[in-house]
Every structure is written in structure tokens, then in C-alpha cells.
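# structure for this input, please:
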Amino acid sequence: DILVDGKVCDCDIVVTCPVGDPVPLQVKLTNWSKHSVGPFALTMMPYQDYQNGVHNYDLQDAITFVGSNTFYIDTVKPTKDSVYFGALLFLYTGDFYLNIKFHEDNCSRELPLSWLCLPSVHIRATEPVA
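The predicted structure is shown next:
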């Protein structure tokens, strides 16, 4: 589950956030398997989609993370959750996307494709309301 500014996100929802205010971000990983999973590194990468096949990840002048954009997850037991909190600060208006990936932290074998990436979250940064 992904929440941006307290709103549940999926690939069909655009979340609107004001420029200049930290926007709370929450990612919850639930282990629905019968075995413990981990360790992982959870990485969040913002980008802009130019709608021509080009993704711009060079956004250090437009978005910053309050805290880290990478979280380390040791082990998640069966039917348990692991929740991670952070915040984004948008410096300019625009449409942005958040790519959220899980990477194995200390193993050379790759994860199954279903573990690699969540659908991108679409966030629209707008002028703050006065």
C-alpha cells in the first residue's frame, strides 16, 4: 500500500500536493507468502515523464526527500507488515511520478519480477492555496 499525503494511491489516481509543504509518504509492505522474506532495500525515485518515452530522473532542483529515499528492511514474517515513512518536498509545480522498487539487499540472485517494482505513483504539484 502506498499513501501520499494520507491518500491511498494506485496507478489510476493522481494525488495533488502543494509546492513548498512537506508531503507525507507511507509505503507498507505486507508479506502474504507462507515464508519470511528479506532483507530488502526499498528505493523511491521521482521522475517526470515527457510522454515521448523519456523519463527525467534529474530532479534535484524540483523535488527533495525529507530524510532518505532508501529504507532497509531486514525481514518481514508471513502475514505481517513493514511500514516506512518519509516525506517529499516539491519546489516547483508540475506532474511527477514516483518509482518505488524493492531490491534484494545482500544476495546475488534476482527477485521474481513481481517483487521488483510497484506501479508508479502520479503526483501533481500545484501552487499553494492562500
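# which residue ranges of this structure form strands?
Chain-ordered strands for the chain, with DSSP state E as the definition, fall at 2-4, 7-9, 14-18, 22-30, 40-49, 55-56, 63-66, 70-73, 81-90, 94-104, 121-126.
# could I get those strands as a markdown table with mean pLDDT and mean neighbour count?
Every C-beta, even on glycine, is put in place using the N, C-alpha and C of the backbone. Formatted as a markdown table, those follow (pLDDT from 0 to 100; neighbours: other CB atoms under 10 Å):
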| stretch | mean pLDDT | mean neighbour count |
| --- | --- | --- |
| strand 2-4 | 80 | 19 |
| strand 7-9 | 78 | 16 |
| strand 14-18 | 88 | 15 |
| strand 22-30 | 87 | 18 |
| strand 40-49 | 86 | 18 |
| strand 55-56 | 89 | 12 |
| strand 63-66 | 90 | 16 |
| strand 70-73 | 86 | 15 |
| strand 81-90 | 89 | 17 |
| strand 94-104 | 84 | 17 |
| strand 121-126 | 90 | 19 |
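# grab the nearest non-local neighbour of residue 4.
Spatially, and ignoring its direct neighbours in sequence, residue 4 is nearest to residue 15 (4.5 Å; CB to CB, 6 or more residues apart in numbering).
# over to residue 95?
Setting aside the residues directly before and after it, residue 95 is nearest to residue 124 in space (CB to CB, 6+ apart), at 5.4 Å.
# then residue 42?
Of all residues beyond its chain neighbours, the one nearest residue 42 is residue 71 (4.6 Å), with distances taken as CB to CB, 6+ apart.
# what's the answer for residue 33, then?
Spatial nearest neighbour of residue 33, chain neighbours left out: residue 78 (6.2 Å); criterion: CB to CB, 6+ apart.
# follow-up on the earlier one: wait, what's in contact with the residue nearest to residue 42?
Residue 71 makes contact with 27, 41-42, 84, 86 under the criterion CB atoms under 8 Å, 6 or more residues apart in numbering.
# any idea how far residue 84 is from it?
Shown here: residue 71 relative to residue 84, a distance of 4 Å by CB to CB, to the nearest Å.
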